[in-house]
Each structure stands twice: as C-alpha cells, then as structure tokens.
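[1] How does the following fold in three dimensions:
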Amino acid sequence: MCRLAAFPPMFPRRRALEILANFYAGNEDGTGSVYVKDGKFVVNKWRYSFKTVVNRKYPLLDHMPYKGWTLAHLRAASHGKIRKVNTHPFIRGEWAAMHNGVFLDYKVVKAALSPFTKFESQTDSEVAAAIWQFSGPSKFYKNMSTGTFLFLNKDGSLYVTVANGSDLSFRNLKYGTLMASELNDDMYKSHTKVLEGWFKLDAKGKIEKSSFEPDDFYSWDFKKKRRGKDDYSYGTTFSSWEDDDNDKVRDPISLDEERDDDDDGYVPIHSFYD
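    Prediction:
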C-alpha cells in the first residue's frame, strides 16, 4: 500500500525528507505534496518515485519549514496506471485528500456519483475523496470501513481518519503533531500508533477534537526495545506524549546507493541538503 505523512507547521524540511526516504522502497509509483497558501492549495506531484524526484531536484517540500500543514504521499499503485493524474493529492472543492489503503467498492460508488461530479483519475482514492466532499467528516468515518485518510481544508485545518487497523504513527513535538505511515525508531525514540478513529487538528498543528479512547492506540517505546524488551504500553493518552525535539537522525548516505535485499528499506539522504 501507499505511504503518507502530515508535517506540522515549521517542521524542518530535512527531517521531512528523512521520514519519506525511510519508507519510499516499494512505494515508487508517484510522489506528491500539498499545502495551503493564501487560501489556495499549492500542489506538486509527479508520476515518478521519491528517489527520482529527489535526484532530479524537483521542488519537493522546498517551501518548508512552513507556517501551515504540509502533506506528502508516496504511491504504490493499486487502481489506475502510473500517471500524474493518478498521483495524490486529489482536490475536491475545499479539500485536498490523500489515502493509504484499498477501497474495494469504489467502482459502484463512482458509477453512482458520476452524474453529479467529474472524476479526473482512475483511482479508488479520488472516489473516497468525493464521498468525503459530499457526506462530510462524520458520515464518512462511520461508513468507510478501511484505510487511512488525510483531508486538508483550505482554511488550514486537517482531518484524519484511521479505519480497521490501518495504523498511523504519531509523535508530539514542539511544532505540533507529526503523523506518518511509519516513523523510524532511530529517528524518533518513541511514538504512538493509532489503529482506529478520527480527529481534527487546527492550522497551528494542535488537536482540536478526536474520537479516540485509550484502547484505540498504543505506544511503543523503542528505548525499551533496545534493552531487549518489546514493551507495548496500552492506555496511553495524548497528554502523556513526550515533547522531545532532540531525536537522533541517522547518519545519511547517498540516495543513489543500492539497497541490500535483506535490509530494512531505510535509505537516508543528503545530496540535496543545504
């Protein structure tokens, strides 16, 4: 499946690129990003892999650090050819949408909605975004059975839904709430994974409201794992997240370096750093 990330206001570009590099392998069918500037979406997307986009010096996340949310997506094609039009994000009215997962019933929903709206892509994700556009957050979450979705509004706020165990990792930092499909343990010593639920974050990167209960997510402290203990702490609350901006970033190597077949897929980058 795809991988995605939401970077809070003033999050450093270098760290954002490290996070994307960590899970680009296997998700090489398109690269895209979106943020809001002066009430309008600024979209950059390519049908190329993250590695190609970086090496060709395309303007990926060049605006960061930025005063608002920035969303990024690495595509693993499931529905639709490898084309720019099928690359995330998808713009639907006041919303920019990104999706990780597979929406199996998208064809019948697309047929039902086609008389009322135009679809540009061949993807299940754009159909899901249209459902959000027409139904709103509450009905969407109650009726969408699987997948992780990010919906950025033109007012700068961000909605997140996670359904049926399609987990998403979180880390509370001074910038706000960092979210990504994966967070490497060498980069972030501890983080939280949400398995089910929804919440809204304001334009400043802070959580406004959520549906989460303690049993809906867990925290894995990788410092304990290094001592030989796989310690999952259930019942973690948002307020208990550690605010630590001193997380280590792995020593970078060239993105051009080939990945060994039995490594963990982590490919740090450095050639484009200032």
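
[2] and His73, what does it touch?
    Residues near His73 by Cβ atoms under 8 Å, 6 or more residues apart in numbering: Cys2, Arg3, Leu4, Ala5, Gly30, Thr31, Gly32, Ser33, Thr87, His88, Pro89, Met98. Backbone N, C-alpha and C define where each C-beta goes, glycine included.

[3] C-terminal to the lengthiest helix in the chain, what's the next element?
    Determined from DSSP state H, the single longest helix within the chain is helix 124-135. Next along the chain after helix 124-135, taking DSSP states H and E as the criterion, comes helix 137-143.

[4] so how far is that next one from its chain's centroid?
    19 Å (Cα atoms, centre = their mean, to the nearest Å).

[5] what angle separates the following helix or strand past that helix from helix 124-135?
    Sequence-wise, the next helix or strand downstream of helix 137-143 (DSSP H and E) is strand 147-153. Going by axes from the mean of the first three to the mean of the last three Cα atoms, to 10 degrees, strand 147-153 is angled at 60 degrees with respect to helix 124-135.

[6] contact partners of strand 147-153?
    4, 6, 34-36, 41, 69, 71, 89, 94-103, 128-129, 132, 137, 158-164, 166-168, 179, 181.

[7] and Val160, what helix or strand is that in?
    Here Val160 sits within strand 158-163, counting by DSSP H and E.

[8] these two touch, right, Trp95 and Gln133?
    Yes. Using Cβ atoms under 8 Å, Trp95 makes contact with Gln133 at a distance of 5.9 Å.

[9] JSON lines please, covering the contacts of His73 and showing neighbour count.
    Listed next are these as JSON lines, based on neighbours: other Cβ atoms under 10 Å:
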{"residue": "Cys2", "neighbour count": "24"}
{"residue": "Arg3", "neighbour count": "24"}
{"residue": "Leu4", "neighbour count": "26"}
{"residue": "Ala5", "neighbour count": "26"}
{"residue": "Gly30", "neighbour count": "26"}
{"residue": "Thr31", "neighbour count": "27"}
{"residue": "Gly32", "neighbour count": "24"}
{"residue": "Ser33", "neighbour count": "28"}
{"residue": "Thr87", "neighbour count": "26"}
{"residue": "His88", "neighbour count": "29"}
{"residue": "Pro89", "neighbour count": "27"}
{"residue": "Met98", "neighbour count": "26"}
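
[10] between these, which is closest to Thr117?
    Nearest to Thr117 among the contacts of His73 is Pro89, at 16.7 Å by Cβ to Cβ.

[11] just to revisit the earlier point, so which bits of the longest helix of the chain are buried?
    Asp124, Ser125, Glu126, Val127, Ala128, Ala129, Ala130, Ile131, Trp132, Gln133 (16 or more other Cβ atoms under 10 Å).

[12] with these in mind, which one is nearest to Lys189?
    Using Cβ to Cβ, the buried residues of helix 124-135 come closest to Lys189 at Ser125, 32.3 Å.

[13] contacting residues for the closest one?
    With Cβ under 8 Å, 6+ apart, Ser125 has these contacts: His79, His88, Phe90, Ala97, Met98, His99, Phe103.

[14] Just the buried ones from the residues you listed?
    For the contacts of Ser125, buried by 16+ other Cβ under 10 Å: His79, His88, Phe90, Ala97, Met98, His99, Phe103.

[15] pLDDT-wise, what's the bottom of these?
    Sorting the buried ones among the contacts of Ser125 by pLDDT puts His79 at the bottom of the list (80).

[16] hmm, back to that, make a PyMOL selection of the buried ones in the contacts of strand 147-153.
    Selection of buried members from these for PyMOL, criterion 16+ other Cβ under 10 Å:
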select buried, resi 4+6+34+35+36+41+69+71+89+95+96+97+98+99+100+101+103+128+129+132+137+158+159+160+161+162+163+166+167+168+179+181
